[in-house]
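**Student:** Everything below, folded, please.
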Amino acid sequence: MDARSTAKLIAQHFDRLGWKYAMLDENDGLIRTGVGGLSNIGNIGIFVDVDNDGESMHIVSIDYVRFNKDDQRSLLSALIACNEANTKFRWIKFVADREHGMIRLEDDAVVEPGTAGAEAHELVGRMSGIADKAYEIFRKVGLSK
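**Tutor:** Now for the predicted structure:
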C-alpha cells in the first residue's frame with residue numbers, strides 16, 4: 001500500500017457515508033474534512049494525512065482555539081489548558097502551536113487497508129467529540145475560537 005491507495009479507500013468510505021471532504025493531495029494522501037453541529041464549538045475542520053507507506057495516518061485539527069502568541073500570559077494560559085485537557089482526555093493530544101498562536105488536536109493511528117476508511121471516520125468523530133467537550137477548559141482561561 002501507499003498513501004494514494006489508502007487515501008482512496010478513506011475517500012470511498014466517506015463517499016458511502018455521504019460525508020463531505022476534499023482530497024487536497026491524492027498522491028500524498030491529504031484529505032480535509034470536518035464535523036459540524038457541535039454544541040460548544042459549532043464545527044471543526046480536520047486534516048487526515050496518510051503516511052507515505054499507507055499504513056498509518058496523522059489526524060490534526062484546523063483552527064481549534066487561538067491565543068496571542070506574542071503575549072506570555074496568553075501562551076501560559078494555552079499551555080495550562082493543554083496540560084489539563086491532555087490529562088483529562090485520552091486518544092487526542094492537545095498542542096499549543098507557538099508559531100501560529102493556536103491550539104491544535106493531534107492523533108496518530110496505524111491502519112489496515114481493509115479498515116482504513118472506517119478507522120479514519122471513527123478517529124475524526126472521536127477527535128471532534130473530544131474537541132467539543134474540552135472547549136470549556138480553554139474558555140475557563142479566556143481562550144476561544
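
**Student:** Name the nearest residue to residue 6, ignoring sequence neighbours.
**Tutor:** Distance criterion Cβ to Cβ, 6 or more residues apart in numbering; nearest residue to residue 6, sequence neighbours excluded, is residue 54 at 3.8 Å. Bear in mind the C-beta positions are built from the backbone N, C-alpha and C, glycine included.

**Student:** hang on, that neighbour packs against residue 110?
**Tutor:** No: counting by Cβ atoms under 8 Å, residue 54 does not reach residue 110; the two are 10.9 Å apart.

**Student:** more neighbours, these two?
**Tutor:** Neighbours were counted for residue 54 and for residue 110 using other Cβ atoms under 10 Å; residue 54 has more, 20 against 9.

**Student:** residue contacts, the more buried one?
**Tutor:** By Cβ atoms under 8 Å, 6 or more residues apart in numbering, residue 54 lies in contact with 1-6, 29, 111, 113.

**Student:** Show me what the helix or strand hosting residue 136 packs onto, helices and strands only.
**Tutor:** According to DSSP states H and E, residue 136 maps onto helix 116-140. When contacts are defined as 3 or more Cβ pairs under 8 Å, 6 or more residues apart in numbering; DSSP states H and E, helix 116-140 sits against helix 3-17, strand 30-38, strand 42-50, strand 56-62, helix 72-88, strand 102-110.

**Student:** right, so of the ones you listed, which gets closest to residue 145?
**Tutor:** strand 42-50 (7.8 Å; Cβ to Cβ).
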